[in-house]
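Undergrad: need a structure here:
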Amino acid sequence: MNEPTLRKLLESIRKGKLDVDSAVARLRRLPFEDMGFATVDHHRAIRCGFPEVIFCQGKTVEQVGAIFRALAAHGQNVLATRATREMHQAVLDEFPAAQYHPAARAIVLRQGRQPRPAGHIAVVAAGTSDLPVAEEARVTAEAFGQRVTEHYDVGVAGIHRLLAHNETLQKAHVVVAVAGMEGALASVVGGLVAVPVIAVPTSVGYGASFGGLSALLTMLNSCASNVSTVNIDNGFAGGYIASLINRQAAGKRKAH
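TA: Residues are numbered from 1 along each chain as shown. Below is the predicted model:
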């Protein structure tokens with residue numbers, strides 16, 4: 001249950017449209033719903049601003065479908081990451097509006113009134129091989145109502161490609177920099193903008209990249225002071241943290 005839904009519930013009680021017993025029955029599912037195999041956190045949107053997200057890897061199709069159904073019942077957007085097409089098909093039978101993003105391996109259901117995005121997040125990817133992780137970041141941010149601009153295949157091997165996007169990058173409230181190999185992109189971007197840069201290392205690269213460890217260490221040791229790093233291939237975390245930063249930055253700018 002998100003904050004608008006909770007407010008609507010309380011308003012119904014105040015106006016006498018809903019009796020107390022019925023309201024208590026609905027509130028029993030707060031703050032969580034025990035499904036036996038999963039404990040769904042319906043209170044997270046109220047506490048953290050964004051609802052719980054389904055991490056599908058390791059779950060069965062039936063488990064994903066049941067959790068998806070429980071989250072969707074509260075009228076909020078639903079995001080499922082690391083999802084398969086089979087999982088999407090199972091969800092689609094009940095929620096025709098659910099969209100599958102194959103590159104990001106994510107399912108998104110948008111429902112209810114959608115907020116108008118303020119500010120924007122720039123997602124920058126070094127190479128085409130990094131797109132699955134970059135797309136996961138993009139889809140995550142957009143599922144949370146953020147406006148995103150994509151700047152793909154702009155790695156440091158051809159730095160003029162990155163510099164061509166400099167004007168747009170300067171307008172972003174936060175940048176998500178996705179790169180494998182040696183992971184130098186995040187430091188370069190950090191030296192170009194005056195906003196936080198969320199560095200996302202990917203497991204793309206030849207043997208000595210050690211499955212993304214090389215990029216991770218480069219990003220952790222960045223000489224650009226505005227760079228902060230998440231785990232290898234964790235585009236979701238990059239998009240989530242960027243959404244939190246953008247929401248606060250846009251809110252402060254609007255207040256002024």
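Undergrad: can you give me the strands for the stretch 101-250 of the chain?
TA: Along the stretch 101-250 of the chain, the segments classed as strands by DSSP state E, counting those that start in this stretch run 106-109, 121-125, 148-151, 174-179, 197-201, 227-229.
Undergrad: And stretch 181-193, end to end?
TA: 22 Å (C-alpha to C-alpha, to the nearest Å).
Undergrad: hmm, who's touching that stretch?
TA: Applying C-beta atoms under 8 Å, 6 or more residues apart in numbering, the set of residues contacting stretch 181-193 from outside is 124, 126-127, 154-156, 159, 162, 166, 169-170, 172, 175, 177-179, 197, 199, 201, 204-205, 209, 214-219, 222-227, 229. Yep, even glycine has a C-beta here, placed from its N, CA and C like the rest.
Undergrad: Just the buried residues of the residues you listed.
TA: Taking 16 or more other C-beta atoms under 10 Å as the criterion, what is buried in the contacts of stretch 181-193 is 124, 126-127, 154-156, 162, 169, 172, 175, 177-179, 197, 199, 201, 204-205, 209, 214-216, 218-219, 222, 224, 226-227, 229.
Undergrad: about what we covered before: and the strands of the stretch 101-250 of the chain: which comes nearest residue 87?
TA: Ranking the strands of the stretch 101-250 of the chain by proximity to residue 87 (C-beta to C-beta) places strand 106-109 first, at 6.8 Å.
Undergrad: Convert the C-alpha atoms of that closest one to PDB, please.
TA: The C-alpha trace of strand 106-109 is given here as PDB (Å, rounded to 0.1, in the frame of the first residue of the first chain):
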ATOM      1  CA  ALA A 106      12.700  -6.600 -16.600                       C
ATOM      2  CA  ILE A 107       8.900  -6.600 -16.400                       C
ATOM      3  CA  VAL A 108       7.200  -3.300 -15.700                       C
ATOM      4  CA  LEU A 109       3.500  -2.700 -14.900                       C
END
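Undergrad: Where does pLDDT dip in the stretch 51-200 of the chain?
TA: Along the stretch 51-200 of the chain, the model assigns pLDDT under 70 to residues 114-115.
Undergrad: those helices in it, which residues are they?
TA: 61-72, 85-92, 131-143, 159-163, 166-171, 185-190 (DSSP state H, counting those that start in this stretch).
Undergrad: export those to TSV and tack on distance to residue 15?
TA: Converted to TSV, the helices of the stretch 51-200 of the chain look like this (distance: least, C-beta to C-beta, whole Å):
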stretch	distance to residue 15
helix 61-72	26
helix 85-92	35
helix 131-143	33
helix 159-163	56
helix 166-171	44
helix 185-190	52
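Undergrad: Tell me which of these sits nearest to residue 107.
TA: Comparing the helices of the stretch 51-200 of the chain by C-beta to C-beta, helix 85-92 comes nearest, at 5.1 Å.
Undergrad: So which elements touch the closest one?
TA: Judged by 3 or more C-beta pairs under 8 Å, 6 or more residues apart in numbering; DSSP states H and E, helix 85-92 is in contact with helix 61-72, strand 99-101, strand 106-109.
Undergrad: Residue 51: which of the helices of the stretch 51-200 of the chain is closest?
TA: Comparing those by C-beta to C-beta, helix 61-72 comes nearest, at 6.5 Å.
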